[in-house]
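Undergrad: Just to be clear, the model below is a prediction. Sequence and coordinates:
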Amino acid sequence: MRIPCPYCGPRDSSEFAYHGDAAPRRPAVGNAAAMADYVYLRANPAGPMEELWYHAQGCRSWLVVTRDTRDHAISNARLAATRSPA
Amino acid sequence: MADPVSDWTHRGGFAGLSRRIGSGEGLKAVERAGLAAATVIARRGKAADAATALGRMLGAPVVDGGKRTSGGDVTVLGTGPGTWLVFGDRPALVADLTAALDGLAAVVDQSDANAILDLSGPRLVDVLEKGLRLDLHPAAFAADDVAVTAIAHVGVTLWMSDDRATVTLAIPRSLAGSLLHWLEASARPVGLTVEAD
């Protein structure tokens, strides 16, 4: 699998470290139910999902990669730093 | 009494590792020792300003991307967003960068961190493709492109000369022996010459 890094170009997935679902955002302190969801609940969709990958052996950027979990087709990759803050 | 620090002499990462394997003809590896080096990491939101300041220092425009820009004795390599690795054949490189990038970027001396190897020869690409997961065809890799990747688990920063005849690898100097082990094995069928101090 090759991941199209926005800085480096297409690179072998072995250069990257996988983090997981990019959707969860840390909730405000004090909301125990929301924190439990944030820590434990994942959607596990069959289809496109946004994931965090770290380009450890390249530009050392965190990426948000849109990958189809059924066939690994990657439709988008962007720098996580360009996301709006939580 | 001799000064215990200023009497130290530079010793390249490949020092003592010169060798000739097989015919020695297919690939030539020459260590480039004694270069000053620094990483430049732009402060938050200052990447464009830092690139402009680097360009002013070089007399050639520097972009925030994986590109090589040379000016005088200084070479700037884009290694990540807002991040550059700078080599220069001058002792004052770090001081000059620090002055040029005041308030725009963090400048950290890396002069003794890297071992640098110039690779050339008729079988250059044939050998590199055994460990490098990059397409070096001119359509995919321009002469001024820079790549940060890994060869045999060794992190490398790679760039090439304007005429594409020489590919240069900068690696952590403590891994020089590991990289050379891969290079020896990969270049054995075509022959390898390593020239270092």
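TA: Cool, the structure landed.

Undergrad: going forward, measure contacts and count neighbours with C-alpha atoms only.
TA: Noted.

Undergrad: contacting residues for the residue of chain B found nearest chain A?
TA: Nearest residue of chain B to chain A, counting by C-alpha to the nearest C-alpha: residue B:80, 4.2 Å away. Shown in contact with residue B:80 (C-alpha atoms under 8 Å, 6 or more residues apart in numbering or on different chains): A:7, A:58, A:59, A:60, A:61, B:65, B:66.

Undergrad: 7 Å - rerun?
TA: Shown in contact with residue B:80 (C-alpha atoms under 7 Å, 6 or more residues apart in numbering or on different chains): A:7, A:59, A:60, B:65, B:66.

Undergrad: now swap in residue B:115 and tell me
TA: So residue B:115 contacts B:12, B:13, B:14, B:170, B:171, B:172, B:173, B:176 (C-alpha under 7 Å, 6+ apart).

Undergrad: and chain B, which residues reach chain A?
TA: For chain B, the residues in contact with chain A (C-alpha under 7 Å from any C-alpha of the partner chain) are B:65, B:66, B:79, B:80, B:147, B:148, B:149, B:150, B:155.

Undergrad: For residue 16, list the residues it contacts.
TA: In the absence of a named chain, chain A is used. A:53, A:54, A:55, A:56, A:57.

Undergrad: Let me rephrase: I mean chain B.
TA: Shown in contact with residue B:16 (C-alpha under 7 Å, 6+ apart): B:196, B:197.

Undergrad: Please work out how many residues are found near residue B:123.
TA: Using other C-alpha atoms under 10 Å in any protein chain shown, residue B:123 has 16 other residues around it.

Undergrad: Setting aside sequence neighbours, what's the nearest residue to it?
TA: Using C-alpha to C-alpha, 6 or more residues apart in numbering or on different chains and skipping residues adjacent in sequence, the residue nearest residue B:123 is residue B:26, 5.0 Å away.
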